[in-house]
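Novice: Give me the fold of what follows.
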Amino acid sequence: MRLFIVCCLGALALGANDAQAQTRTVRIVVPYAPGGSPDALSRLLAERIGKTQGVSVVVENRPGAGAIIGTETVMRASPDGNTLLVAANAFLTNPHLRKVNYDPIANFEPICLLVSVPSLIAVAAASPYKTLGDLLGAARANPGKITLASPGPATTFHIAYEMLRRTAGIEMTYVPYPSTPPALTALIGGHVASVFSDYSSMAGQLKAGAIRALATAGPTRLTVLPEVPTVAESGFKDYESEVWFGIVAPAKTPKDVTAELIAWFSAALRADDVRAKLTDQGLNPVGRCGADFAVHLRTQFDTIGRTIRDANIKAE
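Specialist: Down below sits the predicted model:
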C-alpha cells in the first residue's frame, strides 16, 4: 500500500511538471511597430518554437523612442528566460547617440544572431558608374561633388557610409531621406548619384532595371545577385556592414536557460520551411549563437561608437 502511494505521488509530480511545461509562456518583445521585418521574423520563429517545444510563445510589439522603450522593458524583466528582446543595429547604435538606461553588453545575455539583411550601393540604370571603383574614383577626383543618399541621418546606412568614406579615403555629400523609396525616386530622377540601403527595399527597382547595384556591403555575395561583388572584393578588404536581427535576454539569465533558448532558436532557423520563408522576405538565416554572438555584439558596438565619434554623427 505504501509503495502504491509513493508511485501515485510520483506520477502526480510528473503530471504537474508536464502541466507546468505546457503552460510556460515565452514573450518576445519587438521594439518596433507591427508589420516590419523584425515583427515578421519574430512571429515566424514564435510559431515554430511553440509547435516544436510545447511552450506558448507570444510576440509583443513595444515601439517607441527608436527602439529604446522595448529594449529597456526587457532589461528590467526577470532573468528567467521568459522575456526576450529582438535586437537590431539600433540596439548598439542608440547608446552612442542618445541617453539610454541600458548597456547592450552588460545588461543583456546574447542568445542568437538570427538573420542578416543584405545592403547594397546602387546607382541609376543610366549612371556612367559601372562599378563601385568608378563611383568612388569619381568621388576621389571631385571631393564633395558626388552624392550618396540613404535613410537617415544616424541610421545603420549613414554609419555604414561613414565607415566606407574612411576606408576608401573619399569625400561625398551625404543626403539623408526619411526612408528608401524617396531616396530611390531621387536616384532615378537624377537628383542624387547613388543610394545605400537594404536589398529588400530596392528589389523592385532592381528587377525593373531602373537601378543598378554596384556592390553589397556584407561579407558574401547575394544569391539573388551573384554577379554583384562585395565592397571587400571591390578593393576594400577590411570593409563589412550589415543590417541584422538577433535575440537577447536580460543579464543574469541562468546558463542552462540560455543554452535551452539557443537550442530552440537554432533548431527553428535550421528548419527548411522557416529558411525558405525567411529567404522570401529578403532575410538571410545566420544562427551565430552564444559566445559567437557576444563577440559580434562587442566588435560592432566598438566599431559603431568609433565611427559615430569620428564622423560627429548626431541623432535627430
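Novice: Break down the chain into its helices, ranges please.
Specialist: For the chain, the helices defined by DSSP state H cover 2-23, 37-53, 68-75, 89-97, 132-141, 156-168, 180-188, 199-208, 255-270, 272-280, 291-311.
Novice: Can I get the ones you listed in TSV including mean pLDDT and mean neighbour count?
Specialist: C-beta here means a position set from N, CA and C on the backbone, and glycine is covered the same way. Formatted as TSV, those follow (pLDDT from 0 to 100; neighbours: other Cβ atoms under 10 Å):
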stretch	mean pLDDT	mean neighbour count
helix 2-23	45	10
helix 37-53	96	19
helix 68-75	97	20
helix 89-97	96	22
helix 132-141	97	19
helix 156-168	95	22
helix 180-188	97	20
helix 199-208	93	17
helix 255-270	98	17
helix 272-280	93	13
helix 291-311	96	16
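Novice: Switch those helices over to TSV; also include distance to N107.
Specialist: Shown next, in TSV, are these (distance: least, Cβ to Cβ, whole Å):
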stretch	distance to N107
helix 2-23	28
helix 37-53	20
helix 68-75	5
helix 89-97	10
helix 132-141	38
helix 156-168	21
helix 180-188	31
helix 199-208	30
helix 255-270	15
helix 272-280	28
helix 291-311	12
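Novice: right, and those helices - which one's nearest A125?
Specialist: helix 180-188 (8.1 Å; Cβ to Cβ).
Novice: Remind me what that closest one packs against, helices and strands.
Specialist: Packed against helix 180-188 by the contact rule (3 or more Cβ pairs under 8 Å, 6 or more residues apart in numbering; DSSP states H and E) you find strand 119-124, strand 147-151, strand 173-177, strand 194-198, helix 199-208, strand 211-216.
Novice: mean pLDDT lowest for which of those?
Specialist: Among the helices and strands packed on helix 180-188, helix 199-208 carries the lowest mean pLDDT, at a mean of 93.
Novice: from the helices and strands packed on helix 180-188, which stretch is densest packed?
Specialist: Highest mean neighbour count among the helices and strands packed on helix 180-188 (mean count of other Cβ atoms under 10 Å): strand 194-198, with a mean of 26.
Novice: strand partners of that strand, parallel vs antiparallel please.
Specialist: Using DSSP bridges, strand 194-198 pairs in its sheet with strand 119-124 (antiparallel), strand 147-151 (parallel).
Novice: Extract the C-alpha trace of it and format it as CSV.
Specialist: Only the C-alpha atoms of strand 194-198 are listed here, as CSV (Å, rounded to 0.1, in the frame of the first residue of the first chain):
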residue,chain,number,x,y,z
SER,A,194,23.9,56.8,-55.5
VAL,A,195,21.9,55.1,-52.8
PHE,A,196,23.0,52.9,-49.9
SER,A,197,20.1,50.8,-48.4
ASP,A,198,18.8,47.3,-47.9
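Novice: quick one: contacts for P229?
Specialist: P229 is in contact with 132, 215-216, 221, counting by Cβ atoms under 8 Å, 6 or more residues apart in numbering.
Novice: Over to A183?
Specialist: 149-151, 175, 177, 192, 195, 197.
Novice: same thing but at 6 Å, please
Specialist: 149, 177, 195 (Cβ atoms under 6 Å, 6 or more residues apart in numbering).
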